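Engineer: Whatever this is, show me its structure:
(chains A and B)
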There are 2 protein chains.
Amino acid sequence: MDIGQRLEQELEQAVGHAAGNDCPPKLAAALRDAVFPGGARIRPRLVLAVSNACGNKNAPAATGIATAIELLHCASLVHDDLPCFDNSLLRRGKPSVHAAFGERIAVLAGDALIVLGFEWLALKAGERLAPLTRILASCVGGPSGICAGQAWECEETIDIVRYQRAKTGALFAACTMGGAAASGFEPMAWQKLGFAIGEAFQVADDLRDVAGSPEKLGKPVHQDETNHAPNFVAELGFSGAMAHFEELLELARAAIPPCPGAEPLGRQIEAVSRSLVTGLSARTAAA
Amino acid sequence: MDIGQRLEQELEQAVGHAAGNDCPPKLAAALRDAVFPGGARIRPRLVLAVSNACGNKNAPAATGIATAIELLHCASLVHDDLPCFDNSLLRRGKPSVHAAFGERIAVLAGDALIVLGFEWLALKAGERLAPLTRILASCVGGPSGICAGQAWECEETIDIVRYQRAKTGALFAACTMGGAAASGFEPMAWQKLGFAIGEAFQVADDLRDVAGSPEKLGKPVHQDETNHAPNFVAELGFSGAMAHFEELLELARAAIPPCPGAEPLGRQIEAVSRSLVTGLSARTAAA
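Structural biologist: Next up is the predicted model:
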């Protein structure tokens, strides 16, 4: 079974656990809808890539934290799409959870996915549970996880570095730190790599928002402009943002700590990152 | 230091952890506002009472799960008060979180409190972390925790037993099971007691909603009628609901599993439960 299939299978098991038996039918359908069909599953793949580079010493713990991170990511998308935030009706090419099931079910589905992330980890992580739970929590809650990142958008003055780092970087840091910790490596050494990848992905996301097509992305474009969200293209221009993206890939390559599979990991990170901006150009941005 | 002070101190530490350092100021203030000043802290007190009755063999784990449960309870109140649910502007005698900080911060504060509950447990539970995390998650997420309870309200046909059990009973079951598990007792034997106490508290809450005063409760009354929420007084009448409350206390007393402190625990549960309905009568309900 390849990595993609293994991830989908474990996500199926996790969602089946929360949406099973006594679950109210609409909540069960919304949980499934929030997780399947998925996007590129970039975050859990990164966890497994790092764990493999570190010798894959505890495969169940690695797949457990990979699954938990993807569940938390899906939760954040469900809540981000709510009317009080982005009010987005489209996600991954189909109606967002609140568009399909209403706002109340969307709030609850997000909540239940957060809980499920921690629950799944507790079922899978074995002796690695405590450090992995702390890594996951610190990257999604306060003071500097995803919730905090989103909350910076509610402040009059935004600290842009903290904002980007918390909103996108933190969950990527959970991937690199979680993959390393699952294989018994000291997680803090892997944080910098996660932040660099996270910032590269944020830049790619901003570039796609101005130069991508809604059909290819499965969600509306030009959202940053509409929502006045701070973004790299507005700040640096299209080619400036592209140059910054290249710098970040360089920084990421240099930030990989010593480990048995450092070289293939570097190549993998570069290939996945580059695929995100393939075909984008200043011309499509102007269109 | 008495139990109440110990709980407040640990809640202070937990909230200080999530709202510290880099936390965006509004989110930090909302987290504090959602937890302090608290209500009666009935749930964490129940955890500690059960853990004591079981010999209090791991005080940090017991206080940890008590704190985590209270944080999850506060999270559920913040999300329950949102415009798409109860749209309540008042909580514990002051503006609800969304009334004070806006809807976006209220969604994020609830999310961050859920995360903090699991994070705090990971910092405190030591070797008891895995079973305590599973107990906490099963009582707040899907398929039959608080999220599921709330989601039953979105269904055309409500299964009233599952609804009440998930919405209120589950978190009380987390208290009794968590307190027992923290002291090394088999948690499942303690579930029935939690459900009985939870149902008694739900009946008391329904009685207070028709016969209490908003000043004393710190929140609006007659909400069940306004929101067409299923409730025991509408179903059984005032005196029928009072009789059912007494039956449930009897059931709870009988459900306490064998343990060193079973007798004082029974007296404590009865005293706290009765205090909730003191002074309520059919006369005040009619007023």
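
Engineer: rest of the way, CA atoms for contacts and neighbours
Structural biologist: Fine.

Engineer: Name the residues of the stretch 51-200 of chain A found near chain B, please.
Structural biologist: Residues of the stretch 51-200 of chain A lying close to chain B by Cα under 8 Å from any Cα of the partner chain are A:79, A:84-85, A:103-105, A:107-109, A:111-116, A:118-119, A:122-123, A:126, A:129-131, A:133-134, A:137-138, A:140-144, A:147-148, A:150-152, A:154-155, A:162.

Engineer: try 7 Å
Structural biologist: A:84-85, A:103-105, A:108, A:111-112, A:115-116, A:119, A:122, A:130, A:133-134, A:137, A:141-144, A:147-148, A:151-152 (Cα under 7 Å from any Cα of the partner chain).

Engineer: contacting residues for the closest residue to chain B within the stretch 51-200 of chain A?
Structural biologist: Closest to chain B within the stretch 51-200 of chain A is A:Pro143: 4.0 Å, counting by Cα to the nearest Cα. Taking Cα atoms under 7 Å, 6 or more residues apart in numbering or on different chains as the criterion, A:Pro143 is in contact with B:Ala18, B:Ala19, B:Gly20, B:Asn21, B:Asp22, B:Cys23.

Engineer: so what secondary structure elements neighbour the top helix by length along chain A?
Structural biologist: Longest helix in chain A, counting residues (DSSP state H): helix A:232-255. Secondary-structure packing of helix A:232-255 (3 or more Cα pairs under 7 Å, 6 or more residues apart in numbering or on different chains; DSSP states H and E): helix A:191-211.

Engineer: Can you list the buried residues in the helix it packs on?
Structural biologist: If you call a residue buried by 16 or more other Cα atoms under 10 Å in any protein chain shown, then helix A:191-211 has these buried ones: A:191-211.

Engineer: Please apply the same query to stretch A:234-250.
Structural biologist: So, applying 16+ other Cα under 10 Å, buried residues of stretch A:234-250: A:Ala234, A:Phe238, A:Ala241, A:Met242, A:His244, A:Phe245, A:Leu248, A:Leu249.

Engineer: again with stretch A:118-135
Structural biologist: In stretch A:118-135, counting by 16+ other Cα under 10 Å, buried: A:118-125, A:128-135.

Engineer: Which two of those residues have the greatest separation?
Structural biologist: Longest distance between any two of the buried residues of stretch A:118-135 is 16.4 Å, between A:Leu123 and A:Ile135; criterion Cα to Cα.

Engineer: about what we covered before: quick one: buried ones out of the residues of the stretch 51-200 of chain A next to chain B?
Structural biologist: Buried among these (16+ other Cα under 10 Å): A:85, A:103-105, A:108, A:111-112, A:115-116, A:119, A:122, A:130, A:133-134, A:137, A:141-144, A:147-148, A:151-152.

Engineer: Burial check on the closest residue to A:Leu72 other than its chain neighbours, number of neighbours?
Structural biologist: Take A:Leu72 and drop its neighbours on the chain: the residue closest to it by Cα to Cα, 6 or more residues apart in numbering or on different chains is A:Ile114, 5.4 Å away. Residue neighbour count, defined by other Cα atoms under 10 Å in any protein chain shown, stands at 27 for A:Ile114.

Engineer: where are the low-confidence patches of the stretch 151-287 of chain A?
Structural biologist: In the predicted model of the stretch 151-287 of chain A, residues A:227-228, A:283-287 satisfy pLDDT under 70.

Engineer: just the helices in the stretch 51-200 of chain A please.
Structural biologist: Assigned by DSSP state H, counting those that start in this stretch, the helices in the stretch 51-200 of chain A fall at A:59-80, A:97-101, A:103-124, A:129-140, A:146-152, A:160-164, A:170-182, A:191-211.

Engineer: And the fifth one, what does it pack against?
Structural biologist: In terms of contact count using 3+ Cα pairs under 7 Å, 6+ apart, helix A:146-152 is assigned the packing partners helix A:129-140, helix A:160-164, helix B:103-124.

Engineer: do the same with the last one
Structural biologist: Helix A:191-211 makes packing contacts with helix A:170-182, helix A:232-255, helix A:282-286 when contacts are defined by 3+ Cα pairs under 7 Å, 6+ apart.

Engineer: Mind putting the ones you listed into CSV with distance to A:Pro264?
Structural biologist: Shown next, in CSV, are the helices and strands packed on helix A:191-211 (distance: least, Cα to Cα, whole Å):
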stretch, distance to A:Pro264
helix A:170-182, 15
helix A:232-255, 11
helix A:282-286, 31
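
Engineer: Out of the ones you listed, which gets nearest to A:Glu263?
Structural biologist: helix A:232-255 (9.0 Å).

Engineer: tell me the angle the closest one makes with helix A:191-211.
Structural biologist: For helix A:232-255 against helix A:191-211, the angle by axes from the mean of the first three to the mean of the last three Cα atoms, to 10 degrees is 150 degrees.

Engineer: would you put the C-alpha positions of helix A:232-255 in PDB?
Structural biologist: In PDB, the C-alpha atoms belonging to helix A:232-255 read as follows (Å, rounded to 0.1, in the frame of the first residue of the first chain):
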ATOM      1  CA  PHE A 232       2.900  38.500   0.100                       C
ATOM      2  CA  VAL A 233       1.900  39.500  -3.500                       C
ATOM      3  CA  ALA A 234       0.400  42.800  -2.300                       C
ATOM      4  CA  GLU A 235       3.500  43.400  -0.300                       C
ATOM      5  CA  LEU A 236       6.200  42.300  -2.700                       C
ATOM      6  CA  GLY A 237       4.600  42.300  -6.200                       C
ATOM      7  CA  PHE A 238       4.300  39.100  -8.300                       C
ATOM      8  CA  SER A 239       7.900  38.700  -9.200                       C
ATOM      9  CA  GLY A 240       9.100  39.700  -5.700                       C
ATOM     10  CA  ALA A 241       6.900  37.100  -4.200                       C
ATOM     11  CA  MET A 242       8.200  34.500  -6.600                       C
ATOM     12  CA  ALA A 243      11.800  35.400  -5.700                       C
ATOM     13  CA  HIS A 244      10.900  35.200  -2.000                       C
ATOM     14  CA  PHE A 245       9.400  31.700  -2.700                       C
ATOM     15  CA  GLU A 246      12.800  30.600  -4.100                       C
ATOM     16  CA  GLU A 247      14.700  32.000  -1.100                       C
ATOM     17  CA  LEU A 248      12.400  30.100   1.200                       C
ATOM     18  CA  LEU A 249      13.000  26.800  -0.600                       C
ATOM     19  CA  GLU A 250      16.800  27.400  -0.300                       C
ATOM     20  CA  LEU A 251      16.300  28.200   3.400                       C
ATOM     21  CA  ALA A 252      14.200  25.000   3.900                       C
ATOM     22  CA  ARG A 253      16.900  22.800   2.200                       C
ATOM     23  CA  ALA A 254      19.500  24.300   4.500                       C
ATOM     24  CA  ALA A 255      17.400  23.800   7.600                       C
END
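
Engineer: I appreciate the help and will end here.
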